[in-house]
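1. Only the shape, not the letters, is given here:
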């Protein structure tokens, strides 16, 4: 099934080449946001701000929620600082 | 009413003062875990550059400032919060109870998992004590490697350069300021730093640090190495949320708060670097670890704690940075806005760069380099959401006209055709 993945900042590099900041991604039915992050190659030891359909998805739920067709998964750097 | 504020950085101090102003009778306890008067980490680079002394880092001056306001200062560490009992547990002080609680515990310096990070001579630049150690260790001619060329790294860079050290900056990403500048701006800042005698290694990983006699040997990913006296680590920060585990207070990366800065637990609020709250332009809950957000959070959380219901519009990410005399700034959605236009103008030879991003005819993000007089105006245009009308097309052609656009669209001045 297809989902939409949006990223920002330095995380763009994990999307397929030429995607810019977002892309459609083919994933297995029954997959979780955590599995998609693994599929894209995001280092597991880093922290991310993860959004599902516009809502923040806390770390504890990323391996539990099952994605549906056309879901929009947002993967962003953990914080903006200075 | 009994208030406890955990954390005595800018968010905590402003909250405590706002509580007092709003409710003259309430009890306020301000808990900090460093044995210092409340101070600003932002001021540490100025201390290192010797443009201020330690007193200059203090957020408030006068020995009796907090006493006069009836704010009880406690040096201790909170290890847990029990919302149902309205209590916190302290390392030294047992339990303390509250009616309203503010979590303003800030963030800590993140250290990369590299062998040798725990050696003497490898420092963060995060606490006043870190600052004292770096000051004692670095003198004119000291060989110093700075790990990380992010925002904090670049401020520390300026301070170390002012101390006259022989400085190398190492950044893992392919440019300086990878999280607040695009390639164009990052490259200009790198070239500027190099022209000032700083060695800048981008796309370079530190693999290991080892003790070699009195010095440190730092090894890079390309197999090269260098001998240095001090390594300063500025590789990001992470919110201090560990003590909330099991409390039932909802966290993601930080403590999740609503537009009143309240957590999922009634009467418990969070502010500053530790709070993950609404962003101004998107409403997405983000962490903005910057002092302007800490100040706003602290004030608005306190008003709500004191019973004056106050809605927070959300925080705007912004950074203004002076790197060896070159001023750069970034605001909001500088990295682009889905479906929106953007424009930029670069003059690499004179280190000037301006990039604006739009949502319809409103500026929602900007990068600026070498253009100090634009900074306040850009911030104002973004924060107040000024509709630019036909001025947007003019800015698309020449973003440098942002001052004219501001005057025309907000003051209806003679520019306002």
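-> Great, that's in hand. Keep in mind that this is a model prediction, so the values were computed, not measured.
2. how about the helices of the chain, start to end?
-> By default, I'm working from chain A. Secondary structure of chain A (DSSP state H): helices at A:33-40.
3. was after chain B, sorry
-> Counting by DSSP H, the helices of chain B are B:10-22, B:44-48, B:65-68, B:128-137, B:151-162, B:183-195, B:291-305, B:375-384, B:391-397, B:402-411.
4. right, so of the ones you listed, which gets closest to chain A?
-> helix B:151-162 (4.0 Å; C-beta to the nearest C-beta). Heads up, the C-betas are built off the backbone N, CA and C, glycines and all.
5. For the residue lying closest to residue A:50 once chain neighbours are set aside, give me phi and psi.
-> Using C-beta to C-beta, 6 or more residues apart in numbering or on different chains and skipping residues adjacent in sequence, the residue nearest residue A:50 is residue A:57, 4.6 Å away. The phi/psi pair for residue A:57 (degrees, to the nearest 10) reads phi -110, psi 100.
6. right, and residue A:57 touches residue A:34 too?
-> No: Residue A:57 is beyond contact range of residue A:34, at 9.7 Å (criterion: C-beta atoms under 8 Å).
7. got a pLDDT number for the residue nearest to residue B:238 when sequence neighbours are not counted?
-> In space, and not counting its chain neighbours, residue B:238 is closest to residue B:110: 4.9 Å by C-beta to C-beta, 6+ apart. Here the pLDDT value assigned to residue B:110 is 93.
8. Around chain A, which positions in the stretch 1-150 of chain B sit nearby?
-> With C-beta under 8 Å from any C-beta of the partner chain as the criterion, the stretch 1-150 of chain B meets chain A at residues B:107, B:113, B:150.
9. If any of these are buried, give me the ChimeraX selection for them.
-> To isolate the buried ones among the residues of the stretch 1-150 of chain B next to chain A in ChimeraX, judged by 16 or more other C-beta atoms under 10 Å in any protein chain shown, type:
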select /B:107,150
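10. mind checking the end-to-end distance for stretch A:47-54?
-> 18 Å (C-alpha to C-alpha, to the nearest Å).
11. What residues of that stretch count as buried?
-> A:47, A:48, A:49, A:50, A:51, A:52.
12. Determine which two of these are furthest apart.
-> Across the buried residues of stretch A:47-54, the longest distance by C-beta to C-beta is 16.7 Å; it joins A:47 and A:52.
13. The residue nearest to residue B:51 when sequence neighbours are not counted and residue B:137: what is the separation?
-> Nearest residue to residue B:51 in three dimensions, chain neighbours excluded: residue B:162, at 7.7 Å (C-beta to C-beta, 6+ apart). As judged by C-beta to C-beta, to the nearest Å, residue B:162 and residue B:137 stand 15 Å apart.
14. Could you do residue A:11 as well?
-> 36 Å.
15. Show me what from chain A comes close to chain B.
-> So chain A meets chain B at A:6, A:8-10, A:21-22, A:45, A:47, A:49, A:51, A:54, A:56-59, A:76-82 (C-beta under 8 Å from any C-beta).
16. one step back: residues contacting the residue nearest to residue A:50?
-> Applying C-beta atoms under 8 Å, 6 or more residues apart in numbering or on different chains to residue A:57 gives the contacts A:33, A:50, A:51, A:65, B:252.
17. Make TSV from the helices of chain B and add mean pLDDT, distance to residue B:334 and mean neighbour count to it.
-> Converted to TSV, the helices of chain B look like this (pLDDT from 0 to 100; distance: least, C-beta to C-beta, whole Å; neighbours: other C-beta atoms under 10 Å in any protein chain shown):
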stretch	mean pLDDT	distance to residue B:334	mean neighbour count
helix B:10-22	98	24	24
helix B:44-48	95	23	22
helix B:65-68	97	38	15
helix B:128-137	97	30	17
helix B:151-162	94	13	24
helix B:183-195	96	9	19
helix B:291-305	97	16	25
helix B:375-384	93	10	18
helix B:391-397	97	15	16
helix B:402-411	90	14	18
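18. Would you format those as TSV with distance to residue B:280 included?
-> Formatted as TSV, the helices of chain B follow (distance: least, C-beta to C-beta, whole Å):
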stretch	distance to residue B:280
helix B:10-22	17
helix B:44-48	27
helix B:65-68	31
helix B:128-137	31
helix B:151-162	19
helix B:183-195	22
helix B:291-305	10
helix B:375-384	7
helix B:391-397	20
helix B:402-411	18
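19. before we move on, the earlier item: wait, isn't the residue nearest to residue B:238 in contact with residue B:234?
-> No: applying C-beta under 8 Å, one finds residue B:110 not in contact with residue B:234, separated by 9.8 Å.
20. The two: which is more packed in?
-> Legend: neighbour count by other C-beta atoms under 10 Å in any protein chain shown for residue B:110 and residue B:234, higher for residue B:234 (24 against 16).
21. residues touching the more buried one, list them.
-> Contacts of residue B:234 (C-beta under 8 Å, 6+ apart): B:109, B:124, B:125, B:146, B:147, B:148, B:150, B:152, B:153, B:156.
22. Report how many residues lie close to residue 36.
-> No chain in the question, so chain A it is. Based on other C-beta under 10 Å, the number of other residues close to residue A:36 is 21.
23. wait, chain B
-> Residues lying near residue B:36 (other C-beta under 10 Å) number 15.
24. Repeat that for residue B:337.
-> 20.
25. got a pLDDT number for it?
-> Residue B:337 is given a pLDDT of 80.
26. and what of residue B:417?
-> For residue B:417, the model assigns a pLDDT of 44.
27. before we move on, what about residue A:18?
-> So, for residue A:18, pLDDT stands at 87.
28. Quick one: residues contacting it.
-> Going by C-beta under 8 Å, 6+ apart, the list of residues near residue A:18 is empty.
29. roughly how far apart are it and residue A:12?
-> Taken as C-beta to C-beta, the span from residue A:18 to residue A:12 is 11 Å.
30. which non-adjacent residue is nearest residue 76?
-> Reading this off chain A. Computed as C-beta to C-beta, 6+ apart, the closest residue to residue A:76 that is not its neighbour in sequence is residue A:49, at 4.2 Å.
31. could you do chain B instead?
-> Closest to residue B:76 by C-beta to C-beta, 6+ apart is residue B:90, at 4.5 Å.
32. pretty sure that neighbour contacts residue B:80?
-> No: between residue B:90 and residue B:80 no contact is recorded; they are 9.4 Å apart, counting by C-beta under 8 Å.
33. of these two, who's got more company?
-> Counted by other C-beta under 10 Å, residue B:90 and residue B:80 do not tie: residue B:90 has more neighbours, with 18 against 14.
34. Quick check: the residue sitting nearest the centre point of chain B vs chain A, distance?
-> In chain B, the centroid-proximal residue (C-alpha atoms, centre = their mean) is residue B:290; its distance is 3.0 Å. According to C-beta to the nearest C-beta, to the nearest Å, residue B:290 stands 5 Å off from chain A.
35. can you check residue B:111 too?
-> Counting by C-beta to the nearest C-beta - residue B:111 and chain A are separated by 13 Å.
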